[in-house]
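Undergrad: have a look; sequence and predicted model below, questions after that.
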Amino acid sequence: MLKLEIREMNIFKKILSKGQQTVIILRGAPSTGKTTVAHLLTERIPGLVKISVDSLVNMNVKPKHTNEEWVKGRPLGLEMARVLLEYFLTKGNCVVIEEFFIETNRIKEIIKISRKHKASSYVFELTVSLMAALEREKIRPDAKNEKPVEELIGLMEKNPYVGTIQIDTSDKSPNNIVDLILQNLKRN
């Protein structure tokens, strides 16, 4: 494991040694593993900062909120994420940001901000089979989805983002997914 961690640090050091900040965008429907993968990336890449839009939305709604209240709070959560992204890039950090990003214009906005700060950006779309998503939803008691998982997966498929690196998480562990992301960063 130590050898793997050293290799991962070397991959990211190569990116940083070029003076290149990096923004990793994790896009996907609920239960694809975005939050877990973002957390693991921050554990495995020193100095990487995580922005979770869901967490920002949850900060702005009452604790026992309804889906409707969550949906109303989402624009503020997205704006807070944009402000935090600007801040962390100004401070020289690399960032991983995760959310549904059904609206592809949000991804374009993140990439525009990244370019303004001369940061590289990579868009990873985590996908999952409907059956796997439904199984995962059963063990997520805190899940607050604005729509049923089936509908959100359908929306993701109807609103693709060109240039995305897709990773099917159905049969992969979170650590396997992180490994795939790091391999893609190394190639680019």
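TA: That came in fine, so what should we check first? Numbering: from 1, shown residues only.
Undergrad: quick one: buried residues of stretch 64-80?
TA: His65, Trp70, Val71, Gly73, Arg74, Gly77, Leu78, Met80 (16 or more other Cβ atoms under 10 Å). To be clear about C-beta, it is placed using only N, CA and C from the backbone, and glycine gets the same treatment.
Undergrad: contacts for whichever helix or strand the third one is part of, please.
TA: Assigned by DSSP states H and E, Val71 falls within helix 67-90. Helix 67-90 is touched from outside by 21, 23, 49, 51, 53-54, 56-62, 65, 95, 97, 99, 106, 109-110, 113-114, 117, 119, 144-146, with contacts defined as Cβ atoms under 8 Å, 6 or more residues apart in numbering.
Undergrad: so among the residues you listed, which ones count as buried?
TA: By 16+ other Cβ under 10 Å, these give 21, 23, 49, 51, 53-54, 56-58, 60-61, 65, 95, 97, 99, 106, 110, 113-114, 117, 119, 144-145 as buried.
Undergrad: in helices, which of those fall?
TA: Secondary structure from DSSP state H places Val53, Asp54, Leu56, Val57, Asn58, Arg106, Ile110, Ile113, Ser114 of these in helices.
Undergrad: now, among these, which is nearest to Ser129?
TA: Closest approach between these and Ser129, by Cβ to Cβ: Asp54, at 21.8 Å.
Undergrad: and the gap between the closest one and Gly163?
TA: Distance of Asp54 to Gly163, computed by Cβ to Cβ, to the nearest Å: 24 Å.
Undergrad: same thing with Leu126?
TA: 15 Å.
Undergrad: more crowded one of these two?
TA: Each of Leu126 and Gly163 has its neighbours counted (other Cβ atoms under 10 Å); Leu126 has more, 25 against 10.
Undergrad: if I look at the more buried one, how far off is Ala29?
TA: Remark: distance between Leu126 and Ala29 (Cβ to Cβ) = 8 Å.
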